[in-house]
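Colleague: I'd like to go over a predicted model; first the sequence, then the structure.
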Amino acid sequence: MSLVEKVEGLLGQMTLREKIGQMLQLVEYMSGVEAVADGSWGDSSLGSVLYSGGLPSVGSLRERSARLQRAARRHRLGIPLLIGVDAVHGHAQARGTTVFPHNIGLGCARNESLARQLAEATSLEVAACGINWVFGPCVAAAQDDRWGRTYEAFSSDTELVSRLGEAQVRGLQESPTPVAACAKHLAADGATQHGRDQGDAVLSEAELQAHLRPYRAAVQAGALTVMVSFSSINGRPAHGNRWLVTQFLKRELGFEGLVVSDWGGINKLPGSAEQQFAAGINAGIDLVMLPGTNAPGTWNQATSGPWRAFVDSVERSVKTGRISLERIDAAVRRVLRVKGKLGLLAADAGGTAALRPPSSKHLAAAAAAEPKQLAPLVRSKWHRALAEEAAAHSAVLLKHDGALPLSPTASVLVACRGGRSLGRQMGGWSLSWQGTTRDEGLGTNVYDGFRARAGRAGCEACVSFSGVGDRARSPVPMHGADHACLDNLMKRRVIIASFVPGSEGGSAIASLVYGDRPFKGRLCRAWGEHWSLGFGLRLEPPPAAPPPPQEPSPPKVQMWVFPFLQPPVPDTSLSLNVGLIGGVAFGLALLAVLRRVLCGGGRKKQARVPPSDAAEWKAPNSFTDSDRRHAKASGFSM
């Protein structure tokens with residue numbers, strides 16, 4: 001039986017309320033979700049479930065997914081669920097997985113093959129949890145540094161965004177363990193005025209067409225789903241924009257997949273809930289993501305809140321003619337078609353079916369595996385190596401004055417607040433939407449990365465690690481120290497930008513600083529007045545490494561956390577700034593980064609802090625008594 005015949009056969013068996021249920025997506029943690037899915041509560045059905053943040057380990061999550069699918073199979077129609085998750089830089093919402101660099105880093109790497117490999121690895125780790133849908137890639141072209149989600153965008157250049165977005169769509173859907181990709185957020189969410197999230201993008205026709213380019217590429221690559229944006233275009237909300245969703249996407253581009261709303265986004269349209277649902281569905285939305293926060297009733301109870309509000313409202317709209325039955329049937333066909341292309345409508349429907357031949361040999365063994373058999377491959381040595389390689393490729397050398405690479409025998413002082421924080425390395429969409437400050441995952445932080453490489457006792461180089469969060473609103477007051485840091489910015493010998501590099505970022509940064517890998521990254525967007533789009537220095541040819549000592553001492557890395565950081569004293573010493581910049585930090589928070597830059601050491605012949613058998617080092621005037629106490633506790637003479 002062909003897929004078309006299967007879809008039409010199921011559609012012919014459904015009641016109106018069952019059809020409407022296939023157009024609904026609920027959050028997994030809501031009580032009563034299984035009762036809605038199996039039809040034991042009410043007389044409808046359920047099309048999809050999404051996982052939010054704070055997910056458990058792979059084994060527990062796999063059991064959750066299996067339980068939900070068993071519930072759906074108990075329904076008289078037996079149609080499996082689409083189960084989605086925001087795995088936007090690896091399967092980072094779950095514990096014990098591999099976390100890759102965010103899109104801003106992949107934009108700096110500018111490597112479509114690498115982007116595809118990361119997507120393939122993500123599809124495997126997601127499939128190991130019984131999940132068949134990834135809400136990514138984000139193909140926004142961020143134009144304003146003030147936008148709090150800038151780190152989710154590959155670049156400000158729509159052409160580069162198109163290439164990388166296409167690569168990730170193919171990686172997710174053409175891997176041995178394919179999952180549905182989701183190009184988001186339609187459209188121009190990165191071009192809103194003043195960088196306001198969920199704001200209005202005021203665009204000319206030429207500008208609009210440029211921001212639509214990544215969706216043309218994603219559809220051409222075969223993307224099965226597209227998510228609509230919270231934002232508006234020229235005053236018209238995307239969730240109610242029939243031209244955007246139906247005329248452009250479905251008719252002009254010939255998109256045959258399903259269109260999903262964003263988290264409660266349809267309820268941001270004007271009018272009552274019934275009017276909102278009707279406006280969104282008539283605009284072309286096929287599946288409504290309804291967390292319940294905007295629906296009547298108890299928000300976390302699927303049976304009494306969002307499920308009933310949606311099914312009852314849409315049913316009334318069909319009966320009153322506000323929504324046509326043809327529109328409902330068209331939406332359900334798209335939902336079922338996507339399920340069919342994922343292999344969910346097969347007789348066994350045990351997992352996903354390959355959409356196209358796989359492209360990565362190291363994943364070939366997983367092609368016919370069940371979720372349980374995939375578990376040992378989650379955070380495998382291949383995925384960790386891939387994460388480290390991606391982090392290294394994405395780092396950008398912004399300034400270099402002959403201080404790199406560091407000698408393998410040199411000891412390093414890591415002066416920072418975030419150098420031991422994997423949470424800062426991973427950024428948002430890591431265990432939760434806004435990320436985490438706790439190191440619950442596995443990985444290598446910057447401090448441990450340097451510790452694994454540093455040489456003998458004594459400080460010969462200072463690494464100032466500055467991490468900034470990705471909050472949408474982060475006031476950055478300008479004090480005298482900030483001005484001093486700005487004045488001294490270009491006097492630093494080395495500046496490296498490593499944008500939320502993921503769980504293996506520490507090892508990657510250390511390998512670059514010690515010369516094990518070349519710098520390849522180039523900025524994916526202009527940054528301040530010093531560095532333009534595409535800027536990135538190289539170390540060519542790399543200086544020859546000095547011979548190892550005859551009797552090497554155990555490695556020593558000092559961790560020195562400064563409670564109050566003074567502006568740096570102008571000098572020519574090495575001060576390596578490793579900035580993990582996300583969202584609003586890309587621009588305004590540069591000031592916060594600079595404020596944390598410290599005066600440091602240098603290469604051995606220029607060392608500010610000599611080995612222990614040399615003369616006593618005199619502290620510069622910028623250090624306070626508190627700093628000296630910290631230094632003394634760390635074994636330094638000041």
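Modeller: That came through, no problem.

Colleague: number of residues surrounding S432?
Modeller: A count of neighbours around S432, defined by other C-beta atoms under 10 Å, yields 14. In this view, the C-beta of every residue, glycine as well, is placed from N, C-alpha and C.

Colleague: cool, the one 10 residues further on as well?
Modeller: When neighbours are defined as other C-beta under 10 Å, L442 has 15 of them.

Colleague: just checking, it touches G502?
Modeller: No - applying C-beta atoms under 8 Å, one finds L442 not in contact with G502, separated by 11.4 Å.

Colleague: relative to R73, how far out is G39?
Modeller: 11 Å (C-beta to C-beta, to the nearest Å).

Colleague: and these two? Which one has more around it.
Modeller: Between G39 and R73, G39 has the larger neighbour count (other C-beta under 10 Å), namely 19 against 15.

Colleague: what's the closest non-adjacent residue to that one?
Modeller: H75 (4.4 Å; C-beta to C-beta, 6 or more residues apart in numbering).

Colleague: phi and psi next, for the one you found.
Modeller: The phi/psi pair for H75 (degrees, to the nearest 10) reads phi -60, psi 150.

Colleague: let me see the contact set for it.
Modeller: H75 sits next to 37-39, 45 when contact means C-beta atoms under 8 Å, 6 or more residues apart in numbering.

Colleague: can you list the helices and strands that the helix or strand hosting E8 packs against?
Modeller: For E8, the host element (DSSP states H and E) is helix 3-13. Counting contacts by 3 or more C-beta pairs under 8 Å, 6 or more residues apart in numbering; DSSP states H and E, helix 3-13 is packed against helix 325-341.

Colleague: list the buried ones in the helix it packs on?
Modeller: Using 16 or more other C-beta atoms under 10 Å as the test for burial, helix 325-341 gives 327-328, 331-341.

Colleague: can you redo those as CSV with distance to N234 and pLDDT?
Modeller: Supplementary listing: those in CSV, determined by distance: C-beta to C-beta, whole Å; pLDDT from 0 to 100:
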residue, distance to N234, pLDDT
R327, 25, 99
I328, 29, 99
A331, 26, 99
V332, 31, 99
R333, 31, 99
R334, 27, 99
V335, 30, 99
L336, 34, 98
R337, 32, 98
V338, 30, 98
K339, 35, 98
G340, 37, 97
K341, 34, 97
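
Colleague: which member of these is positioned nearest G265?
Modeller: Of all the buried residues of helix 325-341, G265 sits closest to A331, with 16.2 Å by C-beta to C-beta.

Colleague: surely that closest one touches I20?
Modeller: No - taking contacts as C-beta under 8 Å, A331 lies outside contact range of I20: 9.2 Å.

Colleague: using the three-state scheme, assign K184.
Modeller: Following DSSP: H, G, I helix; E, B strand; the rest coil, we place K184 in the strand state.

Colleague: and it, what are its bridge partners?
Modeller: K184 has these beta-bridge partners by DSSP bridges: C138.

Colleague: what's the neighbour count on it?
Modeller: 27.

Colleague: residues touching it, list them.
Modeller: 135-140, 226-227, 229, 262.

Colleague: that older thread, narrow the contacts of H75 to those in helices?
Modeller: Applying DSSP state H to the contacts of H75, the entries found in helices are 37-38.

Colleague: PyMOL command to pick out the buried ones of the contacts of H75?
Modeller: To isolate the buried members of the contacts of H75 in PyMOL, using 16+ other C-beta under 10 Å:
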select buried, resi 37+38+39+45
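
Colleague: can you put the contacts of H75 in JSON lines and add pLDDT?
Modeller: JSON lines is the format used below for the contacts of H75 (pLDDT from 0 to 100):
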{"residue": "A37", "pLDDT": "92"}
{"residue": "D38", "pLDDT": "91"}
{"residue": "G39", "pLDDT": "86"}
{"residue": "S45", "pLDDT": "94"}
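
Colleague: farthest-apart pair in the contacts of H75, please.
Modeller: D38 and S45 (9.1 Å).

Colleague: any regions of the stretch 301-450 of the chain where pLDDT drops low?
Modeller: Counting by pLDDT under 70, the stretch 301-450 of the chain has low-confidence residues at 301-305, 347-370, 415-418, 433, 435-441.

Colleague: residue ranges for the strands of it, please.
Modeller: 396-400, 412-416 (DSSP state E, counting those that start in this stretch).

Colleague: most tightly surrounded among those strands?
Modeller: Highest mean neighbour count of these: strand 412-416, a mean of 26 (counted as mean count of other C-beta atoms under 10 Å).
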